[in-house]
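[1] Give me coordinates for this.
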Amino acid sequence: MKKFLLLGIWLLASQSIKAQTPNVNIPYSYQFYQKLNKSVYDVNNRSHSAIKGFYADDSLLVNRYNDLMQMGVDSINKRSWVRRKLTEEHLFNFKGEDYTVYADFLPDFQIGRDFKNGSTIWKNTRGFQIGGTVGEKFSFYTNGFENQGVFANYITDFINTNQVVPSEMSGKLGKKTKDWSYVTALLSYTPNKHLNIALGYDKNFIGDGYRSMLLSDVAANYSFLRVRASLGNVQYQTIFGYMLDPGAEKLTADRRLGDRGKWAAMHYIDWNATNRFSVGFFQAVTWADAEPEGKRGFDFNYVHPFIFLRSVEGANTTSPDKMRLGINSKYEILDKTTLYGQFMIDEFTAKEFFSNNGYWANKWALQIGFRGADLFKVENLNYLFEFNTARPYTYAHFERLSNYGAMNQPLAHPMGANFKEVLGILNYSYKRFDLQGQITYARYGLDPEGMNYGKDIFKGYDTRVADYDNKIGQGIKTNLYFAEGRASYLLNPKYNLRLELGGVLRRETNNLKNTNTALFTFGLRSTFRNLYQDF
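    I've put the predicted structure just below:
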């Protein structure tokens, strides 16, 4: 440990560039964040691109962010109040001597047709957002949505099975028409240029890809305390989170204790070694809040941010907790083109790891990809290509409440484990027009009734089918083909209000059944958030 500590001190002390930790968080959305590619993946600066969300007042991003927020604004002609509110400004905007406050109505109205299944789908969402700053050190943001909708067949099946709307929340989900709500909140405080403290009910994301094998925004929101510290070219982030698991066995037959909860401590340190190369180390531990034998609560042994958590967890000789370790790295091979990757170790046995015998406890996940901006020298043509895989039983544990999931969804990849996936995304923006296409192919193994081949991370790994000869894709071999296209016209950049046409072609095939979807949608949409339907 002394060697690690000395190395860390040397890395911090050897940096000549003083990084700043800003304050105003940008809600994470891949569709919006990829528009920042040219600033984030610029070989002339050192951005901590893997730690999301970004900040609107980051000196590396502020110019590009402001340009996007002023898209289509007419600074010469004075437009009517109604026109400005619809196309240029926040609905309400207040500025004082040392504060700013804005508020918006956020509609998300969609209607569509699933031609393969002869069904009409629709979504009726009414939402709001409120944000602002107090002085130079404090900012706040909240949004909320009330939703009703009818989904495509495969999403309906997911909701009925998991009792949660993908990437959102639980609610009244028993009937064909689903009814649920969704809320986000974040308080951010920056006492000095090196430190930011955030208290949130939101999500977090670590990585440079579309997916993350370490920590993604797939699952529902959860409560957390997040601390980010910047010094030179090193940024450190620690997250202490509390999450619900409505699928876990209840401790009482009535509602007195509600859904069971879990805790997570997640630390990540990111080092920009050069303008082109960065590497980060990730560690996370999860544990149950309470068991039938009694309540444990938050374990203060995991509070210390600058410590190797595996040593703390291992100090408890009968620990029920689950530790995971990971590496994230990127290399900007060309100007505006970045190669990135992740490797996560959930568990391994050294003598079995190199034997190639399919030992069940050699559980790991891998990501390799590249992304960039201005493809073929076409301005604002952004691209991404990515490969993801996870071995059977990765992210699972013998105890459901210490697995790597929350609200019946994974905290990493939406497919859980026991899969391989390749995907490509292309996005082009011209003034207020935005075009995006995605193609995905995945192969995974589903579970026959009463068996556990390792895809479902909410099943205890003690129920595994075998100790050896486990392979990725074992079980009911299934192929997934997914293609999506979206064309939108931006009405107001301040809250991403847009008219959007969308289409989805999806096919899931195995020896038991084929599921096909051909979906066309049209809507008036808004907000910055990821709502995944590519699973």
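[2] tell me the SS of residue 187?
    Three-state call for residue 187 (DSSP: H, G, I helix; E, B strand; the rest coil): strand.
[3] so who does it touch?
    Residues near residue 187 by C-beta atoms under 8 Å, 6 or more residues apart in numbering: 138, 139, 140, 198, 199, 200. Using the backbone N, CA and C atoms, a C-beta is placed for each residue, glycine as well.
[4] Any chance of those in a markdown table with pLDDT, distance to residue 105 and secondary structure as columns?
    Supplementary listing: these in a markdown table, determined by pLDDT from 0 to 100; distance: C-beta to C-beta, whole Å; DSSP: H, G, I helix; E, B strand; the rest coil:
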| residue | pLDDT | distance to residue 105 | secondary structure |
| --- | --- | --- | --- |
| 138 | 95 | 25 | strand |
| 139 | 96 | 21 | strand |
| 140 | 97 | 18 | strand |
| 198 | 97 | 26 | strand |
| 199 | 97 | 26 | strand |
| 200 | 96 | 23 | strand |
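[5] Please convert the buried members of those residues into ChimeraX selection syntax.
    Here is the ChimeraX selection string for the buried members of the contacts of residue 187, based on 16 or more other C-beta atoms under 10 Å:
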select :138,139,140,198,200
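[6] May I ask which two of the contacts of residue 187 are separated the most?
    Farthest-apart pair in those is 138 and 200; separation 14.0 Å (C-beta to C-beta).
[7] so how far is residue 345 from the spatially most central residue of the chain?
    Residue closest to the mean C-alpha point of the chain, counted by C-alpha atoms, centre = their mean, is residue 217 at 2.1 Å. Distance of residue 217 to residue 345, computed by C-beta to C-beta, to the nearest Å: 22 Å.
[8] same thing with residue 287?
    For residue 287, the distance to residue 345 - C-beta to C-beta - is 18 Å.
[9] If you count surrounding residues, which of those two has more?
    Between residue 287 and residue 345, counted using other C-beta atoms under 10 Å, residue 287 has the larger neighbour count: 23 against 16.
[10] Pretty sure residue 471 sits in a helix.
    No: counting by three-state DSSP, residue 471 is not part of a helix but coil.
[11] and the closest residue in space to it that isn't next to it in sequence, how many residues sit next to it?
    Leaving aside its sequence neighbours, residue 471 sits nearest to residue 358 (C-beta to C-beta, 6 or more residues apart in numbering; 5.8 Å). Around residue 358 there are 17 other residues, counting by other C-beta under 10 Å.
[12] residues touching residue 358, list them.
    Going by C-beta under 8 Å, 6+ apart, residue 358 touches 468, 469, 470, 471.
[13] among those residues, which ones are buried?
    residue 470.
[14] out of the contacts of residue 358, who's nearest residue 339?
    residue 471 (27.5 Å).
[15] pLDDT at the closest one, what is it?
    As predicted, residue 471 sits at a pLDDT of 96.
[16] Equivalent analysis for the one 5 residues further on, please.
    Residue 476 carries a pLDDT score of 97 in this model.
[17] So it versus residue 513, what's the distance?
    Residue 476 is 10 Å from residue 513, by C-beta to C-beta.
[18] Of the two, give the one with the bigger neighbour count.
    Neighbours per residue (other C-beta under 10 Å) separate residue 476 from residue 513, with residue 476 holding more: 17 against 9.
[19] Tell me what that one is bridged to.
    Assessed by DSSP bridges, residue 476 has beta-bridge partners residue 446.
[20] Could I get the full set of strands for the stretch 351-500 of the chain?
    Remark: strands assigned in the stretch 351-500 of the chain by DSSP state E, counting those that start in this stretch are 363-372, 381-390, 405-406, 409-410, 419-430, 433-446, 476-492, 497-509.
[21] The ones you listed: which one's closest to residue 341?
    Residue 341 lies closest to strand 363-372 among these, at 4.8 Å (C-beta to C-beta).
[22] Report the rounded mean pLDDT for that closest one.
    Averaged over strand 363-372, pLDDT sits at 96.
[23] helices or strands up against that strand?
    Applying 3 or more C-beta pairs under 8 Å, 6 or more residues apart in numbering; DSSP states H and E, one finds that strand 363-372 contacts strand 337-347, strand 381-390.
[24] Just give the closest residue to residue 346, not the sequence neighbours.
    Leaving aside its chain neighbours, residue 346 sits nearest to residue 363 (3.9 Å; criterion: C-beta to C-beta, 6+ apart).
[25] next one: residue 109
    Distances taken as C-beta to C-beta, 6+ apart put residue 524 closest to residue 109, at 4.9 Å, once the chain neighbours are dropped.
[26] distance of the one you found from residue 89?
    Remark: distance between residue 524 and residue 89 (C-beta to C-beta) = 18 Å.
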